[in-house]
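Q: next one to model:
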Amino acid sequence: MDYVSEVREYLDAEGKSPYAKWFDRLNVAAAAKVTTAVHRMEQGNIF
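A: Residues are numbered from 1 along each chain as shown. Now for the predicted structure:
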């Protein structure tokens, strides 16, 4: 069974994303790992 989920980005009352603020401060290697993990979560692989 294939499972695909939707990952949504939280925006505060001012329309700003705490995630984007944090993500933008990551180095390239860390950002790549986070992007891979988010993509896997979207595909239903949470392990």
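Q: ok, Lys21 to Ala32 distance?
A: Here Lys21 is placed at a distance of 18 Å from Ala32 (C-beta to C-beta, to the nearest Å). Glycine gets a C-beta too; all of them are placed from N, C-alpha and C.
Q: meant to ask about Asp24
A: Asp24 is 14 Å from Ala32, by C-beta to C-beta.
Q: ditto for Tyr19
A: Plainly put, Tyr19 is 16 Å away from Ala32 if you go by C-beta to C-beta.
Q: mean confidence score for the helix of greatest length in the chain?
A: Counting residues, the longest helix found in the chain (DSSP state H) is helix 28-42. What helix 28-42 shows for mean pLDDT is 95.
Q: pretty sure Glu6 contacts Glu42?
A: Yes - counting by C-beta atoms under 8 Å, Glu6 does reach Glu42; the two are 7.2 Å apart.
Q: the more surrounded of those two?
A: Per other C-beta atoms under 10 Å, whichever of Glu6 and Glu42 has more neighbours is Glu42, with 13 against 6.
Q: contact partners for the more buried one?
A: Val4, Ser5, Glu6, Val7 (C-beta atoms under 8 Å, 6 or more residues apart in numbering).
Q: at the geometric centre of this structure, which residue sits there?
A: Val38 (4.3 Å; C-alpha atoms, centre = their mean).
Q: check which helix or strand covers the nearest residue to it once chain neighbours are set aside.
A: Distance criterion C-beta to C-beta, 6 or more residues apart in numbering; nearest residue to Val38, sequence neighbours excluded, is Val7 at 5.8 Å. According to DSSP states H and E, Val7 maps onto no helix or strand at all.
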